[in-house]
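Visitor: got a sequence here, can you build the structure:
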Amino acid sequence: MPVALAGSRAAVKDWLANSLEAAEREREVPFTILDARTGAAIGSTRFLEIRLEHLRVEIGWTWMARPVWGRGHNVEAKLLLLGRAFDGAHVRRVEFKTDARNQRSRGALLALGTTYEGILRRHMVVQDGAARDSAYYSVIDVEWPKVRQHLEARLQDHLAARGGQT
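Guide: So this is what the prediction gives:
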């Protein structure tokens, strides 16, 4: 992430304030990810780089609390967001980017059914002012039915493993 959320309460407070400001200015649409059983906030994700004139949007800034990793929450969140993008907003493309060094995120994106597109070199400035290479992935409208089916199957597997609850 471009900011260190785990660094301090002040960092999280600034991140939240910036998220709400971006939503207020209609530049981004942030979401809180809640645990269905407890109602506890366990993560966040958002639409950003919303370019409806080009029929595309990015999903990003996704993070999950470590205790829920691998339990299906990310799969469900991405299924809902992709459905909203393709079926609701009728975009042609949803893109994702991550730090090229972040193998965990890159693997998760591939597991979701996205297509790897390549690396944009020295694409962003990160926390310490260093350059970041960004790995890009996408789902396009003609792929969406197959990706949706894949995500629904993965979610059912997670639900079955957890006794019906993510």
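Visitor: just the helices in this structure please.
Guide: For the chain, applying DSSP state H gives helices covering 9-24, 73-83, 103-112, 144-161.
Visitor: mean pLDDT added to the ones you listed, as a markdown table?
Guide: Formatted as a markdown table, the helices of the chain follow (pLDDT from 0 to 100):
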| stretch | mean pLDDT |
| --- | --- |
| helix 9-24 | 75 |
| helix 73-83 | 96 |
| helix 103-112 | 95 |
| helix 144-161 | 93 |
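Visitor: go through these and name the closest to T45.
Guide: Among the helices of the chain, helix 73-83 comes nearest to T45, with 5.5 Å by C-beta to C-beta. The C-beta positions use only the backbone N, C-alpha and C, and glycine is treated the same way.
Visitor: tell me which residues in the closest one are buried?
Guide: By neighbour count on 16 or more other C-beta atoms under 10 Å, the buried set for helix 73-83 is H73, N74, V75, E76, A77, K78, L79, L81, L82.
Visitor: with stretch 143-152 instead?
Guide: E143, W144, V147, R148, H150, L151.
Visitor: gap between it and the chain center?
Guide: 16 Å (C-alpha atoms, centre = their mean, to the nearest Å).
Visitor: related to what we said a few turns ago, for G39, which of the helices of the chain is the nearest?
Guide: The nearest among the helices of the chain, by C-beta to C-beta, is helix 73-83 at 13.3 Å.
Visitor: other residues contacting that closest one?
Guide: In this structure, residues lying in contact with helix 73-83 by C-beta atoms under 8 Å, 6 or more residues apart in numbering are 31, 33, 35, 42-43, 45, 47, 59, 62, 64, 94, 108, 112, 139, 144, 147-148, 151-152, 154-155, 158, 166.
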